[in-house]
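Novice: I would like to see how this sequence folds:
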Amino acid sequence: MSKRFVDLFAGCGGLSLGMEKAGFEVAFASDVDPICSETYMKNRNLEKNKMFVGDIAELNKRFNDFSQNFKNIDLVCGGPPCQGFSMANRQRLINDPRNSLYKEYLVFLQKTKPKFFIMENVKGMLNKIDEILLDIKTYLGNEYDVAFDVFNAKNFGVPQNRERLIVIGNRIGINAQTIINNIHNEEKKINS
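Specialist: The predicted structure follows:
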C-alpha cells in the first residue's frame, strides 16, 4: 500500500513528482493558479475532486467539502510563497501578505494531522525561523518533532544552484534532526 500525501502550493507538480518517485501517491493537491492546476491534473490523470484551485485560506474555510481526501494522510508538503523574504527581493517586504501563507499551511496541518510534513521555502525565511518554530508550536502543540536546515539542489545532482530552507516534522516518534542528518549524509555520499 502506497503512502498518501497532500501537495499544497503544488504549481504544476515538481515536488509531487519527487514524492511520487519516492513511492507516495497524491491524495489531493491545491494551487491558486488555474493553468498550473490544469497541468498538474493532466500530468497525473487526477480527478477534479482531488484538486482545489484557489487560495489556501479558502481551502481551509471549505475543508469539510474535501475532508474525504484527507483521511489517513501520511504527508503534507508544500512551499508557501514568501517572496518578501526572498534574497532576490532586495526590499524585503516584511508586511507582504504572501508571507503569512505559511500560517494557512499550519492551519491545514492542524486540521489534517498528517504523520509527517515538509515545508520548503527560500533561504531568507531562516531569518524568521524562531517565529516560524513558535507558530508551529502554537498551531500544532507539542505533537510534532520539528527540525530544519538549508539544502542546495546542486548538492543532490540537480543542475541548479538553488538553496532552500526545509522544515520537517512528524508525530510518530522519529527524531526530526536525525532525518535532517541522514539527508546530509546522503548529500556527502553524492558529492564524494
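
Novice: Just the element for residue 28, please.
Specialist: Using DSSP states H and E, residue 28 sits in strand 24-31.

Novice: For the longest helix seen in the chain, which helices and strands make contact with it?
Specialist: Scanning the chain for the helix with the most residues, using DSSP state H, yields helix 176-190. Packing partners of helix 176-190 (3 or more CB pairs under 8 Å, 6 or more residues apart in numbering; DSSP states H and E): strand 145-152, strand 163-170. To be clear about C-beta, it is placed using only N, CA and C from the backbone, and glycine gets the same treatment.

Novice: neighbouring contacts of the first one?
Specialist: Outside strand 145-152, the residues that touch it by CB atoms under 8 Å, 6 or more residues apart in numbering are 123, 126, 129, 133, 136, 161-171, 173-177, 179-180, 183-184, 187.

Novice: Let's see that with 10 Å instead.
Specialist: 117, 119-123, 125-126, 129, 132-133, 136-137, 140, 158, 160-181, 183-184, 187 (CB atoms under 10 Å, 6 or more residues apart in numbering).

Novice: Return the set of buried residues in it.
Specialist: Within strand 145-152, the residues that count as buried by 16 or more other CB atoms under 10 Å are 145, 146, 147, 148, 151.

Novice: and if you look at the last one?
Specialist: Within strand 163-170, the residues that qualify as buried are 165, 166, 167, 168, 169, 170, counting by 16+ other CB under 10 Å.

Novice: Which strands or helices does that strand pack on?
Specialist: Applying 3 or more CB pairs under 10 Å, 6 or more residues apart in numbering; DSSP states H and E, one finds that strand 163-170 makes contact with strand 75-78, strand 116-122, helix 129-140, strand 145-152, helix 176-190.

Novice: can you rerun that using 8 Å?
Specialist: When contacts are defined as 3+ CB pairs under 8 Å, 6+ apart, strand 163-170 packs onto strand 116-122, helix 129-140, strand 145-152, helix 176-190.
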